[in-house]
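Novice: okay, sequence plus prediction incoming.
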Amino acid sequence: MMNRYGFRKFKNRLFFIICALCVVVAVIPLVSILFEVVIRGAPQLSLNFLTAPAAKGGIGQAIQGTLILIGLTSIIGIPIGVLSGVYLSEFGNNRYAQSLRTINNILTQFPSIIVGITAYGIIVLALGAFSAIAGAIALAFILIPIVTRTTEESLKLVPNNLREASLALGAHNWRTTLSVVLPAAKNGLVTGVLLAVARIAGETAPLIMTILGSRYFFQGFNQPMAALPLEIWRDSLQPYPDLQAKAWGAALILILMVLIINVAVRLASRSRMKT
Amino acid sequence: MMTTQEQNISKTIPNQYPPIIDAAAKMQAINVDVWFGQKQVLKSVNLTVKPNTVTAIIGPSGCGKSTFLRCFNRMHELVPNAKMAGQILLDGENIYSRQIDPVQIRRRVGMVFQKPNPFPTMSIYDNVAAGLKLTGVKKDKNLDEIVRHSLERATLWEEVKEDLKKPGTSISGGQQQRLCIARAIALQPEVILMDEPCSALDPIATAKIEKLVTELKQDYAVVIVTHNMQQASRVSDYTAFMYLGELIEVGETRQIFENPKNKLTEKYITGEFG
Amino acid sequence: MRLSNTQQLFSKTKKFKLTGDNIFKILAAVVAASALVILLIIGYTLAEGSVPVLREFGLSFFFGQQWNPIAGKEAFSILPYVLGTLATSGIALLIGVPLSLGIAIFLVEMAPRSLRLPISYLVELLAAVPSVIYGLWGLFVFRFWMLNYIETPVSTYLGWIPFFSSSLKGLNIFTAGAILAIMIIPTIASISKEVLSAVPNSIREGAYSIGATKWEVIQHWVLSYGRSGIFGAIILGLGRAVGETMAVTMLIGNAIGPAAMPTSLFSSSQTLASLIANGFMEAPRGSLASSAYIGAGLTLLFISLLINVGAHLVMTRVFKVKGGAVE
């Protein structure tokens, strides 16, 4: 009996240690990634590296391309996503909305490379050329479901009595939504949208067959374009150390963009919770 | 509303049970203080639980009676930020001393909760047998016998003997609570703590549990927390009245209800507040 | 389908008038259909693009092993890549699930309160790192960890078993599966965390009251109560692993044809996603090869749909039933 009890206590301690180790094991890659990206990427940084195009040894065209992609995708995707989310949250109590919600949830989990092929099929083939716009549409297909979902989630957090108060003042449904519900959900909404944008900023697979990549600065929406993730992928597979080093430099810029958004958003939402 | 006058009264009462170890006690709480974070919820509470008796703890909600009960099997430790000072003796041994593991204390001091909480993922049989299986008792005739005996003791056997394989949550609320009592009995504890065991039950189920409580004292010391004064007077031998984290008065149940010594107790018994 | 639903909307409003409210509502309803539209576009484009290859090869597209784009000798079969996808995802689950559950358990049941939020953040940051950066790190750092500490010792002592034979490059199914494991940890851990948090405290209390140790409470009660939710979390993690592209593409060794059959833990292979990422751009427009890549995409779409619909069914059931039980 006593032995059995000792064994139970031992098991209790053992699994505490195992679970704590799981956390450590999961954090090691994160720390190593950040460490390596900084150590190998930082030496590359220079004004020339950040602003010059490929021919002059920089990644300026890739940074520019990623920013254009983010902007273009946001213009296409955010309004559609937010409005869809508004519908699901404010009028979403019917079967139609229910099935859209399900489809939307499934879309958020779709492999992004499939979206790439789709954009290739409907845009690249139709326009006859790889183009910035095809890349933006592919990314918008990924962005819209995520924004829809986070919009719905943040609107659901707005207390109902706020809506009722506005309606009781004689405001219309749509006015209530636009001038009461959306502003009340603003913080959550902005957080969610920023995180979604951060996610698509790092997407690579759908860009391969849409924007193709380029050594030059922006040439037009119907022309191939560069982007940081593509730059990283292509350079890293080259057998030349200087190109590999370039990949690490580009990775540092990309991870800074993504992590700054993530960390800032989290810190902001945490300080809000405290007040 | 608690007035300052009432507060003053409670401060002037000497402790009826000074911290002297009572050799005849099954359990004894000595100067128990409990804090949740910064807030002190129990202030120097003393109580003796005698073997083969039912001790009721009454008081208005928020007076700390459930918290106090949970100190008797160290369940309050599961609440984050809970701190405790003082001693609780079980057969003269402090259950809070360093070398004692709460896991072993809880086998000796069983507990029944406010809401029936049979394990939903386990059958009725396994609900009763779970505690024993943890200690390595194998499923055999002996275990069957203990399960049967515990269910009989909890006056549930006749109602569920055909359904032992069904989930523990498939029976009625009153039956579930008796299942929880059987679950506690199966470990052959020495003390059974009950935290308002009838508050979620209908009158008929309540009557059954009350009858069961009076029977259980043949084998165990029972401590029952209740906000129902009639229930306390029906089932208990001793009654303790708590108010705002302090133990105001304790004595034989009849004395407490018929002839309370403290004005606060009297006010509470007569329904002037609470 | 969209039309008829909109009509339903119309018929629900008894006297339909074109007020501002109705315009707004209908506008929102139409825009919300974007999800359906996207799904249909994806489905149609992939199905249409796959027609040539399916017409040419029929079932052998799914069950053969050859991949030959040379005109006149064309042969396209995706079996090796389906198996490669399953193998890498399987390895990812084998490694990732225990780690994720350990993290979720630690966060919900064990960690001091002050550590819970920071640890959650760190785990979420794992999800924020772009796939291509996992690939880069995998190619230059992680691959050598795997090669030096696992692949080389294992194949040195057990290499005579075909399952452990190795060419010692570190670019193979095992490395790809291991990096996928890291990438699916945030998904599985965060959902499991929610599932475990939803386990009612009364169950834990009941278990403690009969003298269970903390681990026993977790093992016999908490995990058993949350098992279907955890199952759902694992399926969602599987969904992520199956579709993950860049990191796998950079680490799996990119074999093609019969050589891509996952015969050993350390053999190089391909997943459906990496096959497309590597080769799609090299196939001439409108060629049979191009159609074959799209067919691989269609197959990936089906696998992903199957997994995600399954996960959806499990999760809605879990949160309905258990949500009710909490009350």
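Specialist: That came through fine. Numbering: from 1, shown residues only, chains lettered A, B, ... in the order given.

Novice: drop to CA atoms for contacts and neighbour counts, all remaining ones
Specialist: Noted.

Novice: next one: stretch A:247-266 to chain centre, how far?
Specialist: 11 Å (Cα atoms, centre = their mean, to the nearest Å).

Novice: same thing with stretch A:131-138?
Specialist: Its chain's C-alpha centre and that of stretch A:131-138 lie 16 Å apart, by Cα atoms, centre = their mean.

Novice: hmm, that stretch touching chain C?
Specialist: No. Legend: contact between stretch A:131-138 and chain C by Cα under 8 Å from any Cα of the partner chain is lacking; minimum distance shown is 10.2 Å.

Novice: cool, stretch B:23-36 as well?
Specialist: No. Interface with chain C: stretch B:23-36 contributes nothing (Cα under 8 Å from any Cα), its closest point being 14.7 Å away.

Novice: in that stretch, what counts as buried?
Specialist: Judged by neighbour count (16 or more other Cα atoms under 10 Å in any protein chain shown), stretch B:23-36 contains these buried residues: B:Ala25, B:Lys26, B:Met27, B:Gln28, B:Ala29, B:Ile30, B:Asn31, B:Val32, B:Asp33, B:Val34, B:Trp35.

Novice: so which of those residues is the closest to A:His172?
Specialist: The shortest gap between A:His172 and any of the buried residues of stretch B:23-36 belongs to B:Trp35, at 51.3 Å (Cα to Cα).

Novice: residue 159: neighbour count?
Specialist: I went with chain A, as the question did not name one. 12 (other Cα atoms under 10 Å in any protein chain shown).

Novice: chain C was what I was after
Specialist: Burial of C:Gly159 is recorded as 17 neighbouring residues (other Cα under 10 Å).

Novice: again with the one 3 residues further on
Specialist: For C:Pro162, the count of nearby residues is 13 (other Cα under 10 Å).

Novice: that one and A:Gly92: what is the separation?
Specialist: Relative to A:Gly92, C:Pro162 is positioned 56 Å away (criterion: Cα to Cα, to the nearest Å).

Novice: returning to what we had before: take the buried residues of stretch B:23-36 and write them to a markdown table, including pLDDT and secondary structure.
Specialist: Written out in a markdown table, the entries for the buried residues of stretch B:23-36 read as follows (pLDDT from 0 to 100; DSSP: H, G, I helix; E, B strand; the rest coil):
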| residue | pLDDT | secondary structure |
| --- | --- | --- |
| B:Ala25 | 89 | coil |
| B:Lys26 | 94 | coil |
| B:Met27 | 95 | strand |
| B:Gln28 | 94 | strand |
| B:Ala29 | 94 | strand |
| B:Ile30 | 93 | strand |
| B:Asn31 | 92 | strand |
| B:Val32 | 94 | strand |
| B:Asp33 | 95 | strand |
| B:Val34 | 95 | strand |
| B:Trp35 | 95 | strand |
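
Novice: tell me which stretches of chain B form strands.
Specialist: B:27-36, B:39-49, B:54-58, B:82-90, B:93-94, B:109-112, B:191-195, B:221-225, B:238-243, B:246-252 (DSSP state E).

Novice: my bad, should have said chain C
Specialist: In chain C, strands defined by DSSP E lie at C:67-68, C:75-76, listed in chain order.

Novice: just say which of those is most tucked in.
Specialist: When you average the neighbours per residue for each of the strands of chain C (mean count of other Cα atoms under 10 Å in any protein chain shown), strand C:75-76 leads with a mean of 25.

Novice: need the contact partners of that one.
Specialist: Among residues not part of strand C:75-76, those counted as contacts by Cα atoms under 8 Å, 6 or more residues apart in numbering or on different chains are C:Val53, C:Phe57, C:Phe61, C:Gly64, C:Gln65, C:Gln66, C:Trp67, C:Asn68, C:Pro69, C:Ala289, C:Ala292.

Novice: stretch B:109-118 now?
Specialist: Residues from elsewhere that reach stretch B:109-118, judged by Cα under 8 Å, 6+ apart: B:72-73, B:127, B:168-169, B:173-174, B:176-177, B:179-181, B:184-185, B:187, B:189-200, C:202-203, C:206, C:209-210.

Novice: now restrict the residues you listed to buried residues only.
Specialist: Among these, those classed as buried by neighbour count (16+ other Cα under 10 Å) are B:72-73, B:127, B:168-169, B:173-174, B:176-177, B:179-181, B:184-185, B:187, B:189-199, C:202-203, C:206, C:209-210.

Novice: so of those residues, which ones are in helices?
Specialist: Judged by DSSP state H, the subset of those located in helices is B:127, B:173-174, B:176-177, B:179-181, B:184-185, C:202-203, C:206, C:209.

Novice: would you list those residues in TSV and tack on distance to C:Leu93 and pLDDT?
Specialist: As requested, these are arranged in TSV below (distance: Cα to Cα, whole Å; pLDDT from 0 to 100):
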residue	distance to C:Leu93	pLDDT
B:Asn127	33	96
B:Gly173	41	93
B:Gly174	44	93
B:Gln176	39	96
B:Gln177	41	95
B:Leu179	39	96
B:Cys180	38	96
B:Ile181	42	95
B:Ala184	40	95
B:Ile185	42	94
C:Ser202	32	94
C:Ile203	29	95
C:Gly206	33	96
C:Ser209	35	95
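
Novice: how about the residues of chain B near chain C?
Specialist: Residues of chain B lying near chain C by Cα under 8 Å from any Cα: B:73, B:75, B:102-107, B:110-111, B:113, B:117-121, B:131, B:134, B:183-184, B:187.

Novice: the same query, at a cut-off of 6 Å, please.
Specialist: Taking Cα under 6 Å from any Cα of the partner chain, the part of chain B that reaches chain C is made up of B:Val103, B:Arg106, B:Arg107, B:Met111, B:Gly131.

Novice: any idea how many residues pack against the first one?
Specialist: In other words, B:Val103. Counted with other Cα under 10 Å, the burial measure for B:Val103 works out to 20 neighbours.
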